[in-house]
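A.B. asks: The sequence and its predicted three-dimensional model are supplied below.
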Amino acid sequence: MPIYVKDQKLLQALIENRKRSAPYAGAFLVKDEEGTDPSIVASPDSSDNKTIDSLKGKELLKRLHEVGTLAQITSIQGDQVVLLGHRRLRITEMVEEDPLTVKVDHLKENTYNKDDDVIKATSFEVISTLREVLKTSSLWKDHVQTYIQHVGDFNYPRLADFGAAISGANKLLCQEVLEELDVDKRLKLTLELVKKDMEISKLQQAIAKAIEEKISGDQRRYLLNEQLKAIKKELGLETDDKTALSEKFRERIEAKKDKCPPHVLQVIEEELTKLQLLEASSSEFNVTRNYLDWLTVLPWGNYSNENFDVHHAQQILDEDHYGLSDVKERILEFIAVGKLRGTSQGKIICLSGPPGVGKTSIGRSIARALNRQFYRFSVGGLADVAEIKGHRRTYVGAMPGKMVQCLKSVGTANPLVLIDEIDKLGRGHSGDPASALLELLDPEQNINFLDHYLDVPIDLSKVLFVCTANVIDTIPNPLLDRMEIISIAGYITDEKMHIARDYLEKNTREACGIKPEQRFLVSKTLLYYGTEGV
């Protein structure tokens with residue numbers, strides 16, 4: 001057994017002793033090396049808390065177990081000393097303090113009957129258990145096989161010592177075996193140790209087997225899936241991921257090929273070629289895939305048929321709103337001009353008025369009257385230009401701006417876009433949103449609107465923009481100059497009564513689950529209901 005000696009005096013004494021004809025030394029286990037008595041807690045300054053290397057004489061002797069081993073010094077290399085145990089020793093008295101030298105008694109096992117059935121059975125069980133351990137652990141395989149082949153009836157004590165020595169038990173349990181002189185009891189102690197080792201080995205083997213089966217199962221499933229993919233590919237039943245993606249993008253753009261601008265088709269072809277050259281696991285592959293997804297999903301050249309029927313528009317406006325005759329007249333004039341021109345773009349309507357007068361709902365009614373898709377987004381407090389113009393693809397998680405998201409959402413290239421709270425635009429370190437909106441709204445500029453993410457010009461000239469504001473004083477002048485302001489004032493009392501009775505009452509009743517025959521609305525009550533009641 002190799003040990004390391006840090007005490008230079010002790011090491012020198014061992015070297016001198018090895019030069020003699022009988023190179024032997026006593027090996028004793030330190031009591032508190034593994035914490036034999038955890039109930040005793042020494043203070044940091046007490047002598048009981050000193051390291052074993054600093055102890056000398058009686059203090060060191062107190063820390064040693066009385067029973068140890070007479071060991072032969074077989075080799076010394078540096079501070080490593082290799083010992084070979086021979087017999088048991090018991091300390092009787094101290095002879096010298098530094099290095100510690102003691103008188104000892106040589107211990108012998110108690111007399112036992114070699115033919116005792118209990119001893120035989122215990123020893124056979126120890127041997128059988130050691131053989132079982134060999135099936136799961138190869139650490140001491142050669143030593144155990146050699147020992148078992150030469151074991152006989154006369155060395156039951158050695159069998160007990162050998163079993164305890166190669167077990168994985170802690171030093172205190174091995175010390176119990178060393179101190180036990182009764183052969184029967186010693187064999188039983190050893191049997192407990194090797195049985196415990198066998199259980200641990202079986203548990204370790206079971207864990208290893210479970211993990212191996214899981215890994216093998218996953219690998220087998222992976223290999224079978226890969227083989228299945230290869231077979232389907234050979235039969236033409238399935239294509240790889242990159243080919244499938246390319247086909248999906250080509251199918252999308254094929255239906256729009258006649259309407260899609262040539263410069264967009266060229267970019268799509270270049271990106272599809274690039275996609276085939278990239279590894280599917282690379283980050284650039286995902287960036288290119290997302291970029292193609294946006295390019296091919298946009299409604300290039302897909303327009304909804306506009307309805308310029310003034311009577312139809314009048315009917316829808318009357319259905320959705322009560323009063324506002326001057327506002328409705330301005331909107332109908334706008335639609336009539338669009339009918340004469342054949343298109344309604346070119347004008348930017350700005351609905352101005354206090355909160356709650358119906359600016360947003362009027363915008364939705366205009367979209368319904370013109371048979372256009374409706375999309376709304378608010379720019380109140382907006383301080384980042386990228387929300388309008390998009391992020392560049394070099395950034396992680398980059399996305400197009402609101403306008404491109406609008407086109408994808410509505411599926412047509414001529415929706416009605418309501419830009420809410422345009423009088424509350426912010427301004428931060430990320431640029432001036434008002435300037436970005438100018439490019440978006442100006443008919444002379446939005447024919448070639450450039451989103452930072454798509455990086456290809458988009459024609460937004462067919463989009464009808466309607467803005468809302470509470471006051472026009474805070475709208476930037478370049479934007480205000482390009483707008484046609486339609487002011488919406490508050491409602492008079494009679495108009496509020498009609499709105500409550502003809503529009504709000506039905507919606508409120510349905511929201512509360514009240515049947516028509518259960519409702520009873522008193523007109524006088526409405527006059528004193530709400531924040532304007534007197």
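C.D. replies: Here it is on my side, so go on. Just so it is clear, the model here is predicted, and its values are computed rather than measured. Numbering: from 1, shown residues only.
A.B. asks: Which SSE is immediately downstream of the helix or strand bottoming out on mean pLDDT in the chain?
C.D. replies: One helix or strand of the chain scores below all others by mean pLDDT, DSSP states H and E: helix 141-150, with a mean of 62. Remark: after helix 141-150, the chain's next helix or strand is helix 156-166, criterion DSSP states H and E.
A.B. asks: Could you list the residues in contact with that following helix?
C.D. replies: Applying C-beta atoms under 8 Å, 6 or more residues apart in numbering, the external contacts of helix 156-166 come out as 109, 112, 114, 119, 123, 126-127, 130, 140, 143-144, 147, 151, 173-174, 177-178, 183, 186-187, 189-191, 193-194. C-beta coordinates here come from the backbone N, C-alpha and C atoms, glycine included.
A.B. asks: Tell me the buried residues in it?
C.D. replies: Judged by neighbour count (16 or more other C-beta atoms under 10 Å), helix 156-166 contains these buried residues: 156-157, 159-166.
A.B. asks: Near the closest residue to Asn448 other than its chain neighbours, how many other residues are there?
C.D. replies: Spatially, and ignoring its direct neighbours in sequence, Asn448 is nearest to Pro457 (4.1 Å; C-beta to C-beta, 6 or more residues apart in numbering). As a burial measure, Pro457 scores 14 neighbours (other C-beta atoms under 10 Å).
A.B. asks: Test my guess that Pro457 contacts Val267.
C.D. replies: No. The criterion here is C-beta atoms under 8 Å, and Pro457 misses it with Val267 at 10.7 Å.
A.B. asks: got the angle for the lengthiest helix in the chain vs helix 156-166?
C.D. replies: In the chain, with assignment by DSSP state H, the single longest helix is helix 183-235. Using axes from the mean of the first three to the mean of the last three C-alpha atoms, to 10 degrees, the direction of helix 183-235 lies 40 degrees away from that of helix 156-166.
A.B. asks: gap between Leu203 and Pro299?
C.D. replies: Remark: distance between Leu203 and Pro299 (C-beta to C-beta, to the nearest Å) = 64 Å.
A.B. asks: wait, I meant Thr412
C.D. replies: Taking C-beta to C-beta, one finds Thr412 at 5 Å from Pro299.
A.B. asks: cool, Arg220 as well?
C.D. replies: 47 Å.
A.B. asks: More neighbours: those two, which one.
C.D. replies: Pro299 (18 against 10).
A.B. asks: Helices of the stretch 351-500 of the chain, residue ranges please.
C.D. replies: 359-370, 386-389, 402-410, 433-441, 477-480, 493-499 (DSSP state H, counting those that start in this stretch).
A.B. asks: Low-confidence stretches in the stretch 301-450 of the chain?
C.D. replies: Scanning the stretch 301-450 of the chain for pLDDT under 70 picks out 344-346, 428, 430.
A.B. asks: Flag every buried residue along the helix or strand that contains Gly338.
C.D. replies: If you go by DSSP H and E, Gly338 is part of helix 325-341. Residues of helix 325-341 classed as buried: 327-328, 330-332, 334-335, 338 (neighbour count, 16+ other C-beta under 10 Å).
A.B. asks: for that helix, the distance to its chain's centre please.
C.D. replies: A distance of 55 Å separates the centroid of the chain from that of helix 325-341, by C-alpha atoms, centre = their mean, to the nearest Å.
A.B. asks: again, but for stretch 419-426
C.D. replies: Relative to its parent chain, stretch 419-426 has a centroid offset of 37 Å by C-alpha atoms, centre = their mean.
A.B. asks: What would that stretch look like as CSV? C-alpha coordinates only.
C.D. replies: In CSV, the C-alpha atoms belonging to stretch 419-426 read as follows (Å, rounded to 0.1, in the frame of the first residue of the first chain):
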residue,chain,number,x,y,z
ILE,A,419,-51.8,56.0,-38.0
ASP,A,420,-53.1,56.9,-34.6
GLU,A,421,-51.9,59.6,-32.2
ILE,A,422,-49.7,61.3,-34.8
ASP,A,423,-49.6,64.5,-32.7
LYS,A,424,-47.7,62.6,-29.9
LEU,A,425,-44.6,61.5,-31.9
GLY,A,426,-41.5,61.2,-29.7
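A.B. asks: can you give me phi and psi for Asn302?
C.D. replies: Torsion angles at Asn302 (phi, psi; degrees, to the nearest 10) stand at phi -100, psi 110.
A.B. asks: That one touches Lys259, doesn't it?
C.D. replies: Yes. Counting by C-beta under 8 Å, Asn302 does reach Lys259; the two are 6.9 Å apart.
A.B. asks: Specify which residue of the two has the higher count of neighbours.
C.D. replies: Asn302 (16 against 12).
A.B. asks: ok, so what distance separates the more buried one from Gln373?
C.D. replies: Distance from Asn302 to Gln373, by C-beta to C-beta: 11 Å.
A.B. asks: Quickly list what's touching both of these two.
C.D. replies: 411-412.
A.B. asks: other SSEs contacting the strand of greatest length in the chain?
C.D. replies: Longest strand of the chain, by residue count under DSSP state E: strand 80-96. Here strand 80-96 touches strand 2-4, strand 24-27, helix 57-62, strand 67-77, strand 101-107, going by 3 or more C-beta pairs under 8 Å, 6 or more residues apart in numbering; DSSP states H and E.
A.B. asks: count of neighbours near the residue nearest to Asp320 when sequence neighbours are not counted?
C.D. replies: Counting by C-beta to C-beta, 6+ apart, Asp320 lies nearest to Ser365, which is 4.5 Å off, once chain neighbours are set aside. Using other C-beta under 10 Å, Ser365 has 21 neighbouring residues.
A.B. asks: how is this protein carved up into domains?
C.D. replies: Per the record, the chain has its domains at 2-107, 111-238, 244-297, 310-487, 493-527, by automatic domain parsing.
A.B. asks: thinking again about what came up before, what about the helices and strands packed on strand 80-96, which gets the closest to Ile215?
C.D. replies: Nearest of those to Ile215, taken as C-beta to C-beta: strand 2-4 at 36.4 Å.
A.B. asks: Identify all contacting residues around the closest one.
C.D. replies: With C-beta under 8 Å, 6+ apart as the test, strand 2-4 has contacts from 27, 79-83.
A.B. asks: what about 6 Å?
C.D. replies: Residues outside strand 2-4 that contact it (C-beta atoms under 6 Å, 6 or more residues apart in numbering): 79-82.
A.B. asks: Asn17: how many residues sit nearby?
C.D. replies: 14.
A.B. asks: what residues are up against it?
C.D. replies: With C-beta under 6 Å, 6+ apart, Asn17 has these contacts: Pro23.
A.B. asks: Would you mind giving the secondary structure of it?
C.D. replies: Of the three states, Asn17 takes helix under DSSP: H, G, I helix; E, B strand; the rest coil.
A.B. asks: Same check on the one 5 residues further on?
C.D. replies: Classification of Ala22 using three-state DSSP returns coil.
A.B. asks: returning to what we had before: and the helix or strand just after the longest helix of the chain, what does it pack onto?
C.D. replies: Counting by DSSP H and E, the element after helix 183-235 in chain order, helix or strand, is helix 241-254. If you count contacts as 3 or more C-beta pairs under 6 Å, 6 or more residues apart in numbering; DSSP states H and E, helix 241-254 packs onto helix 262-277, helix 283-297.
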